[in-house]
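Colleague: the following comprises the amino acid sequence and a computationally predicted model.
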Amino acid sequence: MTATAEQVEREIGRDRRRKEDQRLITGRTRWTDNLTLPGMLHLAMVRSPFAHATITSIDTSAAKAAPNVVGVFSGADFGEELGVCINAWPITPDQVTPAHSPMPSDRVAFAGEIVAVVVARSAAEARDAAELVDVEYDELPAALDLKEAAADTVLAHPDLGTNKSALWVFDSAEAGTGTPVEDAIAKARADGIVIEREYRQQRLIPAFMEPRSVVVDPTGEQYVMYSATQIPHILRFALAATTGVPESKIRVIAPDVGGGFGGKLQVTPEEWIAWAVGRRLGKPVKYTETRSESLLSAHHGRDQWQKLTLSAEKDGTVTGLKVELLADLGAYVAIVGGGVPVLGAFMFNAIYKFPAYHFAVQTVLTNKTWTDAYRGAGRPEATYAIERLMDELAVEVGVDPLAIREKNWIKHEEFPFTTVAGLEYDSGNYEAATARAKEMIGYDELRAEQMARRASGDPVQLGIGLSTFTEMCGLAPSRVLGTLDYGAGGWEHASVRMLATGKVEVVTGASAHGQGHETAFSQIVADRLGVPFEDVEVLHGDTQVAPKGLDTYGSRSLVVGGEALVKAADKVVDKARPIAAHLLEASPDDIEFANGRFSVRGTDQGMAIAEVALATFAAHNLPDGVEPSLDSDATYDPVNFNFPHGTHICAMEVDTETGALKMRKYVCCDDIGNIINPLIVSGQVHGGLVQGIAQALWEEAVYDDSGTLVSGSFVDYLLPTAADTISFDIDHTTSPSLTNTLGTKGVGEAGTIASTPAVVNAVVDAVRHLGVNDVQMPCTPERVWRAIQDGGSGGATTADAVPHFEEGAGA
Amino acid sequence: MTRITLTVDGAQVADDVEPRMLLVQYLRERLGKTGTVIGCDTSNCGACTVHLNGSSVKSCNVLAVQADGAEVTTIEGLAQNGTLHPVQEAFRECHGLQCGFCTPGMIMQSVDLLKENPNPSEEEIRLGLEGNLCRCTGYHNIVRAVQHAASTSGGAS
């Protein structure tokens, strides 16, 4: 490298301001609901108020007669053209999967299910007329409680004969990755430590800020669907596979999409109904949900009971972990569905060297909103369980929770490390991240303050909560997905197009919905091709522009999609090299490429890649047999997951007289490998933290005993505000991933995965000396207070929205 | 139908509207001002925040007829002569947005907050933005953006 070359400022690692922002801060955004097409009609959905009922009649006559109503349809009005909503991941060969019509005509299985659709010239008129659709129901008993549903006391789908959908098991002894867990537990019962706990992962709602919206345009040669989706490519495939329209006649566009968090990783009844109505009428149609409809019918997340048994030697060395989960699927098996807890199956052992491991999840159907991926998808549940258990083990052994972790974690010199769940962790340094996090929060001083407060009997006690998490991300090696019976692969596609003017178009199959791909991907390509950041245009989210892709979820865009970009960019250079050599009258072997310039080794002769692009476009003087194009594609299939990790520490003040919580400080040191854009990374971490903290403290989707979602608006579902939250102190250590060129690891879900147990550990730590060893999430002041008073975990959430209105209550 | 006449982002407009039409619906559906968005139906999220006669309002909480004779500024009218408002600049500078859906409302509320309190503390910023929900940023960088705007514009907005 010459001195000149070193002076070229690298894009990777720069805190570039985002290219996306100009349109977003000036209101020039293209949300799906902003679209208006000529002759466009509007849809309103008629939804079941009952969790489980037979539909006896649907009278649409009054609605049809309402002003400017064009049509009213129920399921019976459509045949197979309506299609079905698919489950792409049957987790066992014998999984029980109810048929899922987008608009059933005989029976509804959750409150909020669509039974009819009204089409009118305006959205307001459609909604008015929807009120006039008269649906008669015969109410059926509803399966609501997860444990009761697992016992088949009431059936969510009587024709299936059971609520139990699938039992998926991993056993380290059977897999050959470890020893039998029952032996370890038996030994520990005799002469060691056994920790047995049951934790609740409450039901959550992703609650992306942009309500879902879909526009279907059936005019023209291709049917076009615009949708606020994370997965335009998968959506296109599913439309083709289930509605009989050839894939080549379908174009799906995800315009600007306002957040997803897994909540827009779905193929929805609303999309399928809009598709059918648009095709039937031959006119563009639009459906945009209200927030209440979104909370009611867009898929929910988490909702598990976790039965956990950890065995250890007396000194705290872990010997075995047994995990038995019940997972609530809701009324239908969603696109990933039971795959969500399976994604957690490999992560309960986390960073610790368990010799024996057993995991089993029973997925269960209920008459509630379906569940699917929500930020972290399976891994937050796993991290919560193990990080809570490690605190319990520390108490049992009588050591600091950091000491018990250090005793059991994989040492940095032990990488690569094959875990008891069969994964190979390529890199990491738990010692370094933990040391930094301790320093950031002033760990020893906090412990001293905690002791002082306990000694003085201060009504405000201090808790310190830890989470030394890891996760698997970068979904996913296709072969692994194949062995797990997932319906698709995990590759990603990219194209790099060299325009005649020297500009570069980058096409990616990843589909951003707020992450900042346009910026980060521009940085990667700018470095790789040596072109200005501003000259790179990133295109995505339209299957006619980006025809191949598997979209954005599972912290995959950078680590899989970014790697595809690197490979496509490298192919451009490879194609340009012989052309540059020809133009420079040199041998290709003597051509060097650096900083965007092809030069002849040992001379000052050279030309910029943009010049080669122009010469290739003109094609006047190319070597014989060389095609006049530098454009290149690459499809990259990852060889492994990657494993970000980090140490999160939360300091929480708990008012023992009222149960009120005050987060004093939260620090984290995450190791996500090499960082492309630290500004974007900080945003991902902050946002992730608050979503994880919100599970710990505030959010819960609550149903009453008739199956009505009582947290069905933003009045009732507690999304945190700026006033509820604090500023964070974040930092990074760097152990580059060894399985991709850029050395990156995913960051989109890390904050959410790590923070929930850190916060609950802090709450419990503050009041443990008062006899508390668990507080059920969300740790509301009431629940914390009850736990202090009663010594339990604070009790279940009451389903009554306003219990004090009931007779005798509050007396 | 009721006749209303008002000024929106500097342009005078007049329309016949249903009395039940919300200001946000009027802005989006009649004027094509889709920069202002709808995020909820209970006036919790604040995504639809605009300025009505110079003060922030949630435009889902105002009827179009109530804006008769008023001056309305939306996110689309905040930049002047191609120059971004300091709060817009600050949101970009501090990465105060990700998906951007809450951003129009968040920016309009922040402008109003700084007008009333040019040098707010972090606590005052957090309380001042309590009526605007964001799901992406965790608010950390939004708070930084408001602080940055306060410092770069000398508190004035």
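Modeller: Thanks, I have it.
Colleague: list the contacts for whichever residue of chain A sits closest to chain B?
Modeller: With CB to the nearest CB as the measure, A:Gly27 is the residue of chain A nearest to chain B, at 1.9 Å. C-betas here are computed from N, CA, C, even on glycine. Under the criterion of CB atoms under 8 Å, 6 or more residues apart in numbering or on different chains, the neighbours of A:Gly27 are B:Lys33, B:Thr34, B:Gly35, B:Thr36, B:Thr74, B:Ile75, B:Glu76, B:Pro104.
Colleague: what separation do you get for it and B:Thr103?
Modeller: Distance of A:Gly27 to B:Thr103, computed by CB to CB, to the nearest Å: 9 Å.
Colleague: which neighbours do the two have in common?
Modeller: Taking CB under 8 Å, 6+ apart as the contact definition, A:Gly27 and B:Thr103 share the neighbouring residues B:Ile75.
Colleague: for A:Ala63, give me its contacts.
Modeller: The contact partners of A:Ala63, by CB under 8 Å, 6+ apart, come to A:Val69, A:Val72, A:Val118, A:Ala129, A:Ala130, A:Leu132, A:Val133.
Colleague: who's in contact with the host helix or strand of A:Glu174?
Modeller: With secondary structure defined by DSSP states H and E, A:Glu174 is part of helix A:172-175. The set of residues that contact helix A:172-175 without belonging to it, under CB under 8 Å, 6+ apart, is A:Gly178, A:Thr179, A:Pro180, A:Val181, A:Ala356, A:Tyr357, A:His358, A:Val420, A:Ala421, A:Gly422.
Colleague: got phi/psi on the second one?
Modeller: Its backbone dihedrals place A:Thr179 at phi -100, psi 170, with angles given as degrees, to the nearest 10.
Colleague: got the contact list for the closest residue to it other than its chain neighbours?
Modeller: Here the nearest residue to A:Thr179 in space, its sequence neighbours aside, is A:Ala356; by CB to CB, 6 or more residues apart in numbering or on different chains that works out to 4.5 Å. Contacts of A:Ala356 were listed using CB under 8 Å, 6+ apart, and they are A:172-173, A:178-181, A:183-184, A:311, A:319-321, A:420.
Colleague: go with 6 Å
Modeller: Contact analysis of A:Ala356 by CB atoms under 6 Å, 6 or more residues apart in numbering or on different chains lists A:Ser172, A:Gly178, A:Thr179, A:Val181, A:Ala184, A:Gly320.
Colleague: got the domain ranges for the chain?
Modeller: I went with chain A, as the question did not name one. For chain A, the structural domains run A:3-28+A:491-636, A:33-141+A:206-297, A:426-473+A:639-811, going by automatic domain parsing.
Colleague: wrong one, chain B
Modeller: When chain B is parsed into structural domains using automatic domain parsing, the resulting residue ranges are B:2-77, B:86-152.
Colleague: say whether chain A is contacted by the shortest one.
Modeller: What that stands for is domain B:86-152. Yes. Remark: domain B:86-152 sits within contact range of chain A at B:88, B:91-92, B:95, B:97-104, B:126-127, B:129-130, B:133, B:135-141, by CB under 6 Å from any CB of the partner chain.
Colleague: just how off-centre is that domain within its chain?
Modeller: Here the centre of mass of C-alpha atoms in domain B:86-152, compared against the chain's by CA atoms, centre = their mean, to the nearest Å, lies 11 Å away.
Colleague: repeat that for the longest one.
Modeller: For domain B:2-77, the distance from its own C-alpha centre to the chain's C-alpha centre is 10 Å (CA atoms, centre = their mean).
Colleague: which parts of stretch A:69-80 are buried?
Modeller: If you call a residue buried by 16 or more other CB atoms under 10 Å in any protein chain shown, then stretch A:69-80 has these buried ones: A:Val69, A:Val70, A:Gly71, A:Val72, A:Phe73, A:Ser74, A:Gly75, A:Asp77, A:Phe78.
Colleague: can you put these in CSV and add distance to chain B, secondary structure and pLDDT?
Modeller: Putting these into CSV (distance: CB to the nearest CB, whole Å; DSSP: H, G, I helix; E, B strand; the rest coil; pLDDT from 0 to 100) gives the following:
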residue, distance to chain B, secondary structure, pLDDT
A:Val69, 17, strand, 98
A:Val70, 18, strand, 98
A:Gly71, 21, strand, 98
A:Val72, 22, strand, 98
A:Phe73, 24, strand, 98
A:Ser74, 25, strand, 97
A:Gly75, 26, helix, 96
A:Asp77, 28, helix, 96
A:Phe78, 28, coil, 95
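Colleague: related to what we said a few turns ago, can you say which two of the contacts of A:Ala356 are spatially most distant?
Modeller: Across the contacts of A:Ala356, the longest distance by CB to CB is 10.0 Å; it joins A:Ser172 and A:Ala184.
Colleague: more neighbours: the two, which one.
Modeller: Counting neighbours by other CB atoms under 10 Å in any protein chain shown for A:Ser172 and for A:Ala184 shows that A:Ala184 has the greater number, 28 against 24.
Colleague: and the more buried one, how far from A:Val194?
Modeller: Distance, A:Ala184 to A:Val194, using CB to CB: 10 Å.
Colleague: cool, A:Cys650 as well?
Modeller: With distances defined as CB to CB, the gap from A:Cys650 to A:Val194 amounts to 28 Å.
Colleague: nearest the geometric middle of chain B, what residue?
Modeller: Most central residue of chain B, judged by C-alpha distance to the mean C-alpha position with CA atoms, centre = their mean, is B:Met108 at 2.8 Å.
Colleague: check what pLDDT the residue in chain B that chain A sits nearest to gets.
Modeller: Of all residues in chain B, the one sitting closest to chain A is B:Gly35 (1.9 Å; CB to the nearest CB). Note on B:Gly35: pLDDT of 98.
Colleague: contacts only, for it.
Modeller: For B:Gly35, the contacting residues are A:Gly27, B:Thr74, B:Ile75, B:Glu76, B:Pro104, taking CB under 6 Å, 6+ apart as the criterion.
Colleague: for chain B, give me the ranges with low pLDDT.
Modeller: Within chain B, the stretches falling below the threshold (pLDDT under 70) are B:154-157.
Colleague: also chain A?
Modeller: Using pLDDT under 70, chain A drops low at A:1-8, A:798-811.
Colleague: Three-state assignment for the residue lying farthest from the centre of it, please.
Modeller: No residue in chain A sits farther from the centre than A:Glu585, which is 52.2 Å out by CA atoms, centre = their mean. Three-state call for A:Glu585 (DSSP: H, G, I helix; E, B strand; the rest coil): coil.
Colleague: OK, contacts around the closest residue to B:Phe101 other than its chain neighbours?
Modeller: Taking CB to CB, 6+ apart, and ignoring the residues beside it in sequence, B:Phe101 has A:Gly258 as its nearest neighbour in space, at 3.2 Å. Counting by CB under 6 Å, 6+ apart, A:Gly258 makes contact with A:Met209, A:Glu210, B:Cys99, B:Phe101.
Colleague: burial of the nearest residue to A:Arg107 once chain neighbours are set aside, as a residue count?
Modeller: Spatially, and ignoring its direct neighbours in sequence, A:Arg107 is nearest to A:Thr54 (5.2 Å; CB to CB, 6+ apart). Residues contacting A:Thr54 under the criterion other CB under 10 Å number 13.
Colleague: isn't A:Thr54 up against A:Glu139?
Modeller: No. Counting by CB atoms under 6 Å, A:Thr54 sits too far from A:Glu139 to count as a contact (8.2 Å).
Colleague: phi and psi next, for the closest residue to A:Leu770 other than its chain neighbours.
Modeller: Taking CB to CB, 6+ apart, and ignoring the residues beside it in sequence, A:Leu770 has A:Ile788 as its nearest neighbour in space, at 5.3 Å. Torsion angles at A:Ile788 (phi, psi; degrees, to the nearest 10) stand at phi -70, psi -40.
Colleague: surely A:Ile788 touches A:Gly771?
Modeller: No. Counting by CB under 6 Å, no contact exists between A:Ile788 and A:Gly771, whose distance comes to 8.0 Å.
Colleague: looking at the two, which is more packed in?
Modeller: More neighbours sit around A:Ile788 than around the other of A:Ile788 and A:Gly771, counting by other CB under 10 Å; the figures are 22 against 12.
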